[in-house]
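Asks: whatever this is, show me its structure:
(chains A and B)
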Amino acid sequence: MPISLSIPLTISLAKSLNRQLAALVILFALVGTACTRGNGDIEVELPGGKKTKLALKETLRVPATSEPPSLDWIKSSDTASAEITSNLMEGLTQYDLTDKELGLKPALALKWEATDSGRKWKFTLREGVLWSDGVPFTAQHVADAFKHLLTRETAASYAYSLFGLKNAQAYNQGKVPWEEVGVKITAPSEITFELDKPMSFFPYLLSHHATFPVRLDVIKKAGDRWTEPENIVTLGPYVLKAWQHDKIVFLERNEKYYDAKPAIKNIVFYMIQEIGTQINLFDSGKLDAVHTLPSVELRKLRTRKEHREVMRLGTAYYGFNVTKPPLDNVLVRRAISMAIDRQQVVQMLAGGQVPLTSWVPTGMFGYEAERGLSFNPDKARELLKQAGFADPSKVPKIEIRFNTNEDHARIAENIQAQLKKNLGIEIELKNEEWKVFLNTLKIDPPQMFRFGWQGDFPDPDNFLNLMVSHSDNNHTKWKNPRFDELIAKGAGTLDREERKKIYSEAQKILVEEDVPVVPLYIGVSHLLVSERTENYPVNAMSIFSFKATRLKQ
Amino acid sequence: MIGMVLGWGLVALGLIGIILDLGGEFLLGGIPPEFWWVFALWGLSAAGFAVVRGQMFVFVMKRLLEAGFVIFVIATLTFLLLRFLPGGPFDAEKALPPDIKANIEAKYGLNKPIAEQYLSYLGSLARGDLGESYKYIGRPVANIISETLPISFQLGIYSLLLAFFIGIPLGVFAASKHNSLLDNGLMIFAISGVALPSFIVGPLLVMVFSFGVPFSAMQGLLPPALWESPIYYILPVLTLGLRPAAIIARMTRSSMLDVIQADFVRTAKAKGVAEQVVLYKHVLKNSLIPVLTISGPLVAGVLSGSFIIEIVFGIPGMGKHLVQSVSNRDYPLILGMTLVFSAMLVIANLIVDLLYTVVDPRIKLG
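Replies: All right, here's what the predicted structure looks like:
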């Protein structure tokens, strides 16, 4: 509180109230005055309690929505951790973020080729790369990472992503020794992976943090604490200097980085859960970006000059439990899919989402604009009649269940109204807490449910694969052998044109013929990015790698 | 006697905390957590000493044994309730294949029968081991508590000081000017303080003091969030302290009004004792019992950090774990948080019981 303001206030208070109270007010006023101070440099605490000052002009300040659950890239499976590890580490391949279809470009591997029609993949590694402790990077570190990821005792969530490797699953279950798994170092800087069956998208898996190389000697020495700043060894553009749990993570430029050194010297991640608080800090110049924006405030925030938006590689859909009447009747499912105007849902959300009738999202390889059942209420009513429901009021009550969330509730209400208007059927809404909802989907999926899919990599397989019969993510109880066969065939086909044809047929079965799901829209990421920055990473995969970002002076 | 020691101990604790913050490391940030533990130990040993000298030793021992039992029951109930809660710690949007999930559950012993899990939990609890968090891989629950609790404590102690230093004088003042305009004004203020939820007060204060709405001169006066140095403490402490201050003010006032009509007050006044002395020495002291009663849970609640305030101001305290651990189904963390919270509640209530004897010597413990 400025002293000029507090003195008259205090005097007037002293006159009217008693003295003790006035003394208290003076005390607070003094503390307040003493505390007012210009800011600029950022102070962070290093391990051991020493403090250091970072110059604002060479420091990027970004939010993290939570404490990263783990900076062990082999074990972590969440976005907060990935935002940090994607600056600390690199994989054999990396996304070309300038490419619209998000293709791959070399990282730790200089080149790669498929032999045996996609059953074997040979990667030639970059030489002269150093870890942050000066140890040279070798093929052994890649093999170690694969072994560590697949070892049962590591208990890594993403171990399954490598189950396509020969004997990988058997090794994970402890049935075969490591030597029988399809990972071979074939030359000092060459590693070859042998797969069970051909997998055209295999190189994408090596851009994921779970497969990044790792130093087993470091993990062995420091145990679970190996990710603390004093122990961790990395080879990406930045190194971890401080990690004050629940508060900040501080990264500094890695002077040993093999590629062009990043332009920004320091990055400080602030762990702030509440988006409103992040926006407040952004507005008062204490943060350089906000990575997600609250949907209810989008109308206002989208008009700001710092606003950026990008289509995400993630879709929202409604699933049917195809064993529960009346949704065991394919005609009813098709009718419902046709009676929902996606455009209306998206307009109601007003967040720039893109309506979707196909399963493969817009812009990705394999996307077909005309695929899916488009909005046609007349045809929908016709289908319902064919299904034996000439009188729509005779249709048994259908329940839509979703996890508790404002947006999900708005969508469900919108769809309830649309189905009432366009088909005349009654829908009941029910919401559940997130983990309860997940449990419900697992043990007894409701008639209709909301769900979404955030792509791991931009390949149709990653999206269509979740609807195969044995998928743990297929909550619809729908099984179609032809669909399964097509997905397996698509994965094993290297020729792009041929793959496109296969996925086209698979999508037709999924969203036009059998319709166990109703695709709704593609999500959009909204960000606020300070004008102090240049080339801030805004991309469909939400990869926040800052090696190409600059600060304007 | 013992209450005196305890009372002064608590006050000294708070004051020393402030001096430390304003002293050596002026404006440079928080107090090293060790300090808090040193002071807490000091307070406890001082209290212990006083207890042995007085005749309350048996009472305190009995209460501590009861407390141990209460905490054991809470641990058991929480443990069992968690297992009946639908949805497990490793259910995620992307469902894990059964093999992988089995590996993870095996790592944490979740594949064993519940009775066995319970016994091994009790075993490690007895050794003082709270286990490792499931969500924050490899991070011991004890570390999470020791890293976040001191910050919640810091926030809580400042807010409590504010609450008592503002609440009690305001209550006294309002009671002494009963039914005057000032009394009514203060009580309207106090009722709004009780009624307004902190998720409204917090952002309102931020709007005024950080963004200068509606007085643009106040723009940038105080930072809207974070917990870096004393200037960052002001808004969250105000937000968190306002409600208890209002509760205490109202409680003090109504209790004072009861006492003010008592015979001994009239006697004191008739004897010609000064108005101020009557008010503070006779009336206030005898009005503190109801205030003390509500202070126990109030203190525990405030000290363990308010979830909403920590979220609104981005404070790295324990409050958010208290809530998030449940949505994450992070069993060890939930159990750890529950135990810390119940221990604080039990201790706060014990201290309040001891303080009763100070304000009213007629109360006998035991």
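
Asks: tell me the contacts of A:Val176?
Replies: Counting by C-beta atoms under 8 Å, 6 or more residues apart in numbering or on different chains, A:Val176 touches A:167, A:170. (Glycine included, C-beta is placed from N, CA and C.)

Asks: my reading is that it lies in a strand. Confirm?
Replies: No. A:Val176 is assigned coil when assessed by DSSP: H, G, I helix; E, B strand; the rest coil, not a strand.

Asks: tell me the domain boundaries of chain A?
Replies: A:13-88+A:236-306+A:530-551, A:93-217, A:311-523 (automatic domain parsing).

Asks: tell me where the model's unsure across the chain.
Replies: As the question left the chain open, I've gone with chain A. A:1-39 (pLDDT under 70).

Asks: if you could check chain B rather than the one you did, that'd help
Replies: Regions of chain B meeting the criterion pLDDT under 70 cover residues B:1-57, B:304-305, B:365-366.

Asks: give me the most central residue, it.
Replies: Chain B has B:Leu303 as the residue nearest its centroid, 2.4 Å off, counting by C-alpha atoms, centre = their mean.

Asks: that residue against B:Met344, yeah?
Replies: Yes. Counting by C-beta atoms under 8 Å, B:Leu303 does reach B:Met344; the two are 6.0 Å apart.

Asks: show me where the stretch 351-500 of chain A has its strands.
Replies: Under the criterion DSSP state E, counting those that start in this stretch, the stretch 351-500 of chain A contains strands at A:354-355, A:398-403, A:427-432, A:448-454.

Asks: how about CSV for those strands, with mean neighbour count added?
Replies: Shown next, in CSV, are these (neighbours: other C-beta atoms under 10 Å in any protein chain shown):
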stretch, mean neighbour count
strand A:354-355, 18
strand A:398-403, 20
strand A:427-432, 16
strand A:448-454, 20
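
Asks: identify whichever of the domains of chain A lies nearest to B:Lys271.
Replies: B:Lys271 lies closest to domain A:13-88+A:236-306+A:530-551 among the domains of chain A, at 23.1 Å (C-beta to C-beta).

Asks: so what's A:Asn414 up against?
Replies: Taking C-beta under 8 Å, 6+ apart as the test, what A:Asn414 contacts is A:344-345, A:348.

Asks: in helices, which of those residues fall?
Replies: Among those, the ones falling in helices (DSSP state H) are A:344-345, A:348.

Asks: columns distance to B:Val208 on top of the domains of chain A, output as a markdown table?
Replies: Listed next are the domains of chain A as a markdown table, based on distance: least, C-beta to C-beta, whole Å:
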| stretch | distance to B:Val208 |
| --- | --- |
| domain A:13-88+A:236-306+A:530-551 | 13 |
| domain A:93-217 | 42 |
| domain A:311-523 | 27 |
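
Asks: B:Val326 is nearest to which of these?
Replies: Counting by C-beta to C-beta, B:Val326 lies closest to domain A:311-523 out of those; the figure is 9.2 Å.

Asks: for that closest one, what is the distance to the chain centroid?
Replies: Here domain A:311-523 is found 21 Å from its chain centre; the criterion is C-alpha atoms, centre = their mean, to the nearest Å.

Asks: stretch B:106-120 now?
Replies: That offset, for stretch B:106-120, works out to 33 Å (C-alpha atoms, centre = their mean).

Asks: still on that earlier bit, of the domains of chain A, which is nearest B:Tyr331?
Replies: Among those, domain A:311-523 comes nearest to B:Tyr331, with 12.1 Å by C-beta to C-beta.

Asks: in chain B, which residue sits closest to chain A?
Replies: Closest contact between chain B and chain A, by C-beta to the nearest C-beta, is at B:Gly87 (2.9 Å).

Asks: what about that residue, which SS state?
Replies: B:Gly87 falls in the coil class when you classify it by three-state DSSP.

Asks: B:Val291 now?
Replies: helix.
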